[in-house]
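[1] sequence unknown, structure follows:
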């Protein structure tokens, strides 16, 4: 499959400094075409892209041709379009994703070798968690999210960790909004959510059970940078009932702390440890 521009597309561009007829910047319209793609819409025709992006087909064709020429989209033999490899190459350079992933990967692999279940790494992007790595065995139970996929903050273990590590203003803004319905996860009222976030900050552990797409339990812990900010969340997902969460928690927390140390984070020694060492 090669990325080749459509030869029948018009090549003229809007005059410099001018906007398209509808007043929306060209870059915004191009990005709206890319945003149409999702887990359920991985290959789309021109008409489908135009309809979902709410723009005329000729405009969509012109923009798609430029995206294909650059490599952001690729055209299949049947005429449908898919996300191009070059877009992935650019996205992989994100320091929040690639930098943390590169440092965390050896520790994720160690945790995976011990558990042989899903090990996930996620970062926050606005009001969602984005999965930047997932290690899974072929026999692991089915999970809801793929690498590059987005997950809600309120109803996933990695999401709760990232939300607990966000600033208070952001947390209040999230809690003020209606919770999104997440299949297989019990809705968490605001009061319970506040207590849960407090517990996550105190213990360094978040836990979520879900019944869809399979019966699983997820245990997550925060990863800190040198400034003490939560930059990522690490989790393990296992079949519910296979291993108690309190057995998984120490391994997950220890792995997250090891990654944090390699990011320059200096963990504060607890009072109990200091007192014991003096005795």
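    Arrived safely. The structure displayed is predicted, hence computed values, not measured ones.
[2] Point out where this structure drops to low pLDDT.
    1-23, 95-98, 268-279 (pLDDT under 70).
[3] all strands for it, in order.
    Assigned by DSSP state E, the chain shows strands spanning 73-75, 81-83, 118-125, 128-135, 150-152, 206-210, 216-224, 230-239.
[4] would you list these in TSV and tack on mean neighbour count and distance to residue 106?
    (Glycine included, C-beta is placed from N, CA and C.) Output for the strands of the chain, formatted as TSV (neighbours: other CB atoms under 10 Å; distance: least, CB to CB, whole Å):
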stretch	mean neighbour count	distance to residue 106
strand 73-75	22	33
strand 81-83	18	29
strand 118-125	24	12
strand 128-135	21	11
strand 150-152	18	24
strand 206-210	22	23
strand 216-224	26	14
strand 230-239	26	13
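[5] Indicate which one of these is closest to residue 188.
    Closest to residue 188 of these, according to CB to CB: strand 206-210, at 9.3 Å.
[6] what's the closest of the strands of the chain to residue 101?
    Of all the strands of the chain, strand 128-135 comes closest under CB to CB, at 5.2 Å.
[7] So for residue 66, which of the strands of the chain sits nearest?
    Across the strands of the chain, closest to residue 66 is strand 73-75 (CB to CB), at 9.3 Å.
[8] so what secondary structure elements neighbour the closest one?
    Using 3 or more CB pairs under 8 Å, 6 or more residues apart in numbering; DSSP states H and E, the elements in contact with strand 73-75 are helix 57-70, strand 81-83.
[9] Tell me the buried residues in the helix ranked longest in the chain?
    In terms of residue count, the longest helix belonging to the chain (DSSP state H) is helix 245-262. Neighbour counts over helix 245-262 (16 or more other CB atoms under 10 Å) mark 245, 248-249, 251-253, 255-260 as buried.
[10] how many degrees apart are it and strand 216-224 in direction?
    30 degrees (axes from the mean of the first three to the mean of the last three CA atoms, to 10 degrees).
[11] before we move on, back to that, of the buried residues of helix 245-262, just say which sits nearest to residue 34.
    Nearest to residue 34 among these, with distances taken as CB to CB, is residue 259, at 30.9 Å.
[12] picking up where we left off before, tell me the one among the buried residues of helix 245-262 nearest to residue 148.
    Closest approach between the buried residues of helix 245-262 and residue 148, by CB to CB: residue 259, at 20.2 Å.
[13] so what's the residue sitting nearest the centre point of the chain up against?
    In the chain, the residue lying closest to the centroid (CA atoms, centre = their mean) is residue 130, at 0.7 Å. Neighbouring residues of residue 130 by CB atoms under 8 Å, 6 or more residues apart in numbering: 97, 122-124, 148-151.
[14] between the residues you listed, which is closest to residue 64?
    Nearest to residue 64 among those, with distances taken as CB to CB, is residue 148, at 21.1 Å.
[15] Check whether the closest one really touches residue 129, as I assumed.
    No: contact criterion CB atoms under 8 Å: residue 148 and residue 129 do not qualify, at 11.8 Å.
[16] which one of the strands of the chain lies closest to residue 167?
    strand 230-239 (10.4 Å).
[17] coming back round to it: ok, which of the helices and strands packed on strand 73-75 comes nearest residue 232?
    Nearest of those (CB to CB): strand 81-83, 23.8 Å.
[18] What lies in contact with that closest one?
    For strand 81-83, the surrounding residues in contact (CB under 8 Å, 6+ apart) are 34, 37, 42-46, 49, 64, 68, 72-76.
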